[in-house]
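1. sequence? don't have it. structure:
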């Protein structure tokens, strides 16, 4: 039943999206937005970016969105999506697919074939960290951009013979850059704050202490009250990386590997 449902959805999306991009051919399409969370321009830009990365490495990089999973697990649905992409769209063995389901707010990263080499368990954990902050605030386009950029990065590393993984020598490159960036930002902020305080202190040397409370309120006339919106609190869901000190990729009986979670 699920295979038939996914088959109908994929076929329907193919018909709808076939004419949306001049570069899309009957044999290849990489972004399927069945949930309708992207604008026309966003869909076109993501399709072009995914197509360029796929062509660059001879590897299928896909994005699919659905309204719901019909009661199934995200990884299971993604397996069916892969089967249908192979049947309808000649996806091939070597793919990575990012699936989003909006009703359940679940995602799944699936790799197959050479994807199990380029996208290790640890690599999928890091990839998810990069796009989850966007998805948690419903920034779908930028989350998909993070996903596609990471795909390009990991595929290049794998092509050079050193896939992104624990102890690979490149697994801490992104985090290290962000760490030093934060340190520099903190130092600069402290220096600026110190300078401002020194300037304010120098300007207050001529101030005279007032003895009556009303002297502090000259010219102040409170005539009403109103509420001002200043900020909002955002709760983000964080999925911690799995403990796997050995690195590598965990492949299931169908030859695929997965990373699933909420957003």
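-> Right, received. Where do you want to start? Nothing here was measured: the structure is a model prediction, and the numbers come from that model. Numbering: from 1, shown residues only.
2. Okay, now the unreliable bits of the stretch 101-250 of the chain?
-> 171-245 (pLDDT under 70).
3. Give the partner strands of the strand or helix carrying residue 97 in its sheet and their orientations.
-> Assessed by DSSP states H and E, residue 97 sits inside strand 95-101. Strand pairing for strand 95-101, determined by DSSP bridges: strand 60-66 (parallel), strand 106-112 (antiparallel).
4. In a strand, residue 68, correct?
-> No: according to DSSP: H, G, I helix; E, B strand; the rest coil, residue 68 belongs to no strand; its state is coil.
5. That one contacts residue 106, doesn't it?
-> No: judged on CB atoms under 8 Å, residue 68 makes no contact with residue 106 at a distance of 9.5 Å. From N, CA and C alone the C-beta is placed, and that goes for glycine too.
6. overlap in contacts of those two?
-> With CB atoms under 8 Å, 6 or more residues apart in numbering applied, the contact sets of residue 68 and residue 106 do not overlap.
7. For the two, indicate the residue with more neighbours.
-> residue 106 (20 against 13; other CB atoms under 10 Å).
8. Just give the nearest non-adjacent residue to that one, would you?
-> The spatially closest residue to residue 106, leaving aside those adjacent along the chain, is residue 74, at 4.3 Å (CB to CB, 6 or more residues apart in numbering).
9. got a list of what the one you found touches?
-> 99, 101, 104, 106-108, 260.
10. where does the spatially closest residue to residue 166 that is not a sequence neighbour fall, helix, sheet strand or coil?
-> The shortest distance from residue 166 to any non-neighbouring residue, by CB to CB, 6+ apart, is to residue 247 (4.0 Å). What three-state DSSP gives for residue 247 is coil.
11. The helix or strand in which residue 49 is found: which residues count as buried?
-> Counting by DSSP H and E, the element that carries residue 49 is helix 40-57. Residues of helix 40-57 classed as buried by neighbour count (16 or more other CB atoms under 10 Å): 42-51, 53-54, 57.
12. quick one: the residue nearest to residue 106 and residue 83, what's the gap?
-> From residue 74 across to residue 83, the span is 15 Å (CB to CB, to the nearest Å).
13. Next: residue 110.
-> Residue 110 is 11 Å from residue 83, by CB to CB.
14. What is the helix or strand encompassing residue 129 packed up against?
-> Residue 129 belongs to helix 121-135 when assigned by DSSP H and E. Contacts defined by 3 or more CB pairs under 8 Å, 6 or more residues apart in numbering; DSSP states H and E place helix 121-135 against strand 106-112, helix 140-159, strand 256-262.
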